[in-house]
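> Following is a predicted model, sequence given first.
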Amino acid sequence: MKYKIHKEGYKTIAFFTLLLVLAIVLMEFFLTVENSSWYWVYAPLVFFLIMSLQFFRSPKRSIATLPDGVISPADGEVVVVEETREKEYFDKPMRQISIFMSPVNVHLNRYPISGKVLYYKYHPGKYLLAWNPKSSLQNERTSLALETEHANPVFLRQVAGFLARRIVCYGQEGLNVSQGSELGFIKFGSRVDILLPLDAVIKVKPGDKVKGGITTLATFNA
């Protein structure tokens with residue numbers, strides 16, 4: 001599997017690289033410090049640089065194409081599968097699947113279906129731990145209402161977590177999107193909620209590991 005760095009990580013990686021270079025220049029040419037003491041400066045910078053490279057990786061994948069199915073919008077672990085009422089747009093009972101993304105997961109989000117974006121909204125909010133059930137409605141988040149060509153409704157939330165402090169969403173109302181194409185990016189630990197019709201056939205359960213653009217979450221009833 002080949003990797004590249006996602007564009008959302010360019011500034012962060014450049015920042016830590018610049019700090020590391022400046023630290024090396026200062027230590028080598030301007031400060032008189034024992035060689036063994038350099039590691040206290042270098043080590044944290046190298047660590048954060050490596051973690052940034054890991055976090056912002058964007059692996060090359062063969063995206064699943066499921067006209068009657070829903071693929072995972074994110075890498076991570078399924079933490080919730082339950083019936084709930086979606087009150088923001090469709091205002092009806094739906095089946096919710098929540099995926100928790102740890103800091104070591106790929107944080108690129110993908111569209112779970114092909115269809116049209118009916119609604120988009122950004123919500124400022126708190127930064128509760130992403131696995132807290134209240135985070136779905138109280139944390140900073142973006143909301144997207146989608147509809148497939150067969151009029152199947154899908155509601156999706158990108159939810160910021162305790163570490164995640166910035167959500168990037170490329171969605172906009174009226175946009176026609178393709179299954180598996182880039183939806184956005186959430187930085188440093190987060191959660192994605194996807195809400196489906198009650199008659200959708202769910203293929204995952206809490207505790208399952210999923211991969212964005214690959215794992216089938218559900219299929220629509222014909």
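Yep, it's here.

> Specify the local secondary structure of residue 193.
strand (DSSP: H, G, I helix; E, B strand; the rest coil).

> now the residue lying closest to it once chain neighbours are set aside: how far from residue 12?
Distances taken as CB to CB, 6 or more residues apart in numbering put residue 157 closest to residue 193, at 4.2 Å, once the chain neighbours are dropped. The C-beta positions use only the backbone N, C-alpha and C, and glycine is treated the same way. Residue 157 sits at a distance of 24 Å from residue 12 (criterion: CB to CB, to the nearest Å).

> more neighbours, these two?
The residue with more neighbours, out of residue 157 and residue 12, is residue 157; 23 against 19, by other CB atoms under 10 Å.

> For stretch 79-97, buried residues please.
Neighbour counts over stretch 79-97 (16 or more other CB atoms under 10 Å) mark 79-81, 86, 89-90, 94-97 as buried.

> hang on, the earlier thing: contacting residues for the residue nearest to residue 193?
Listed by CB atoms under 8 Å, 6 or more residues apart in numbering, the contact set of residue 157 reads 136, 141-144, 192-194.

> And these, which two are furthest apart?
136 and 144 (13.8 Å; CB to CB).

> Neighbour count: the two, which is higher?
residue 144 (26 against 20).

> Out of the buried residues of stretch 79-97, list just those in strands.
Counting by DSSP state E, the part of the buried residues of stretch 79-97 found in strands is 79-81, 86, 94-97.

> buried ones in stretch 67-77?
So, applying 16+ other CB under 10 Å, buried residues of stretch 67-77: 69-77.

> What about these, which are in strands?
69-71, 76-77.

> And the residues you listed, which is closest to residue 123?
Checking those one by one against residue 123 (CB to CB), the nearest turns out to be residue 76, at 20.9 Å.

> hang on, isn't that closest one packed against residue 97?
No: under the criterion of CB atoms under 8 Å, residue 76 makes no contact with residue 97, lying 11.0 Å away.

> hmm, back to that, Throw the ones in strands among the buried residues of stretch 67-77 into a markdown table and include pLDDT, thanks.
Shown next, in a markdown table, are those (pLDDT from 0 to 100):
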| residue | pLDDT |
| --- | --- |
| 69 | 94 |
| 70 | 97 |
| 71 | 97 |
| 76 | 92 |
| 77 | 95 |
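
> For residue 151, state which of those residues is nearest.
Distances from residue 151 to those, taken by CB to CB, are shortest for residue 70, at 14.6 Å.

> Any idea what that closest one is bridged to?
residue 218 (DSSP bridges).

> got the buried residues for the biggest helix by length in the chain?
Taking DSSP state H as the criterion, the chain has its longest helix at helix 10-29. Neighbour counts over helix 10-29 (16+ other CB under 10 Å) mark 12-13, 16, 20, 23, 27 as buried.
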